[in-house]
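**Q** Dropping a prediction and its sequence here:
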Amino acid sequence: MEPLLTPAQRAHIDQAAPACGTPLATLMDHAGRAVAHAIRRHYRPCRVLVLAGPGHNGGDGYVAARLLAQWGWPVAVSPVLGPPTAPHAAAACARWRGPLVPAETHLHRADLVIDAMFGAGLSRDLAPNLAGLLAQARRLIAIDMLSGIDGTTGALRGVDARAERTITFVARKPGHLLYPGRAHSGTVLCADIAMPAAALATIPVDLWRNTPSLWRLPALDPGGHKYQRGHLTVLSGAMSGAALLAATAARRTGAGLVTIAAPTTITAPPGIITTLDPLATLLADPRRQTWLCGPGLGVERAGMALAALIEARRTIVADADALTACAGAPETLRGTAIITPHHGEFRRLFPLMADKLTAARMAAAQTGAVVVYKGPDTVIAAPDGRAAINDNAPARLATAGAGDVLAGIAAALLAQGMPAFDAACAAVWLHGAAAQSGGVGLIAEDLADRLPAAIAQATNSLI
């Protein structure tokens with residue numbers, strides 16, 4: 001599992017490290033070495049300028065500068081706010097024997113600029129003159145986090161530069177995965193600096209990067225049958241395209257039986273059952289416990305169907321028209337298992353003025369449902385405060401019908417008995433992995449056929 005740590009959590013762990021046997025000076029040395037080794041691994045020797053701040057981030061920069069210089073690289077350091085004020089950073093600075101130069105006169109000479117000014121420790125907007133230094137860099141490497149990116153929310157705080165790489169330590173921060181910070185962080189490398197396990201254990205973890213290590217897909221029972229693998233009912237409108245996308249994805253994700261309930265006769269591929277039975281008749285069947293409500297259903301019909309499903313205490317994934325039907329009344333979603341709003345749907349449901357992670361958590365607490373707040377940085381939040389951020393979705397997923405496929409995957413995993421938070425996290429990851437295997441011209445209809453390979457990838461990654 002890959003926890004994500006906020007800057008405040010990381011600071012707490014750092015402060016706990018000395019009592020757990022590792023001095024802060026040692027951690028700073030390990031961090032600076034990790035930066036230097038990463039640069040040597042990815043770049044050829046060139047002229048380097050380190051922009052060093054007064055705190056621990058600057059101390060990491062002094063250590064990296066010293067090692068690169070020892071390896072023969074031409075390195076200069078610019079103490080952008082004067083000498084270090086943090087004791088360990090001052091000690092690292094004292095060991096630096098190379099040139100100390102003004103940044104303004106040396107930036108144009110540098111082939112590579114290392115941002116060691118503030119990292120994730122800045123709690124205010126980056127000063128314009130410092131932001132200007134970063135903007136002038138030809139190639140920019142950030143230590144911990146590009147100065148001016150909010151490590152908790154990913155918001156830009158006065159910075160517009162983009163790092164080519166970011167070297168962080170112990171664990172990524174939410175701001176590495178959330179936009180717009182993610183777009184300005186480049187390739188993020190997370191280095192092990194031998195942080196004591198006892199220090200890490202001093203904080204509870206409730207936020208993770210969404211990877212297969214966070215959840216387990218349902219295992220097949222050799223003696224099982226289709227009903228044991230889950231019976232999913234997908235509600236459809238007269239236009240059945242969205243329901244067919246969801247149902248096909250659900251079958252590929254392992255649901256043993258998928259039924260589309262429609263108001264008119266529709267044509268479905270072999271293996272998908274269709275029915276014209278009214279909702280009340282279908283709800284009388286105790287085998288129909290898991291339902292997908294919303295895609296292509298129509299807003300009025302979706303609202304009535306959702307209320308009936310909630311009253312019948314079914315396990316429900318609410319998407320699309322079901323969410324629109326609840327706009328302005330999010331309390332009507334209480335009783336659903338998973339809701340999957342995109343940004344527009346989310347804002348119509350929850351006019352919350354908060355960052356994406358906080359907003360998703362608040363929405364989950366308000367509705368009692370697992371919230372999948374979709375986007376390139378999809379946030380999955382549970383009512384108990386647990387959350388995950390997904391970062392494997394390619395831009396080609398921005399195509400009509402992709403959300404219907406995601407809803408079908410999540411519903412299929414619920415039908416197979418996965419807990420709602422795990423099912424939502426797995427669905428989002430599988431959705432992204434399936435899209436990654438598609439090339440130019442990928443459309444939603446292509447995703448279902450790519451799901452078996454994504455499922456195999458998730459399973460094999462844990463072996």
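**A** Received, thanks. Residues are numbered from 1 along each chain as shown.
**Q** quick one, domains of this protein?
**A** Each domain of the chain is listed here as a residue range: 2-205, 212-460, per automatic domain parsing.
**Q** could those domains go into CSV alongside mean pLDDT?
**A** Below are these laid out as CSV (pLDDT from 0 to 100):
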stretch, mean pLDDT
domain 2-205, 97
domain 212-460, 96
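**Q** can you put these in a markdown table and add mean neighbour count?
**A** For every residue, glycine as well, the C-beta is placed using N, CA and C. Converted to a markdown table, these look like this (neighbours: other CB atoms under 10 Å):
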| stretch | mean neighbour count |
| --- | --- |
| domain 2-205 | 20 |
| domain 212-460 | 20 |
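**Q** And the contacts of stretch 330-346?
**A** Contact with stretch 330-346 is made by 303, 306-307, 310, 313, 315-320, 323-324, 326-327, 349-350, 359, 363, 366-375, 403, 406-407, 410-411, 414, 420, 423-424, as judged by CB atoms under 8 Å, 6 or more residues apart in numbering.
**Q** distance between the ends of that stretch?
**A** Length of stretch 330-346, first residue to last, CA to CA, to the nearest Å: 10 Å.
**Q** residue contacts, the residue of the chain positioned farthest from its centre?
**A** Relative to the C-alpha centroid of the chain, counting by CA atoms, centre = their mean, residue 97 is the outermost residue, at 41.4 Å. Going by CB under 8 Å, 6+ apart, residue 97 touches 66, 69.
**Q** hang on, residue 156 packs against residue 145?
**A** No. Judged on CB atoms under 8 Å, residue 156 makes no contact with residue 145 at a distance of 11.6 Å.
**Q** and the residue farthest from the centre of the chain, that's in a helix?
**A** No. Read with DSSP: H, G, I helix; E, B strand; the rest coil, residue 97 is coil and lies in no helix.
**Q** distance of it from residue 132?
**A** According to CB to CB, to the nearest Å, residue 97 stands 29 Å off from residue 132.
**Q** With residue 201 instead?
**A** Going from residue 201 to residue 132 by CB to CB gives 42 Å.
**Q** now do residue 224
**A** For residue 224 relative to residue 132 (CB to CB), the value is 63 Å.
**Q** Then residue 344?
**A** Using CB to CB, residue 344 is found at 36 Å from residue 132.
**Q** which residues sit in contact with residue 263?
**A** Counting by CB under 8 Å, 6+ apart, residue 263 touches 236-238, 276, 301.
**Q** Same question for residue 179.
**A** Applying CB under 8 Å, 6+ apart, the residues contacting residue 179 are 154, 375-377.
**Q** for the protein, what's the longest helix?
**A** Longest helix of the chain, by residue count under DSSP state H: helix 24-42.
**Q** Show me how far that one is from its chain's centre.
**A** 26 Å (CA atoms, centre = their mean, to the nearest Å).
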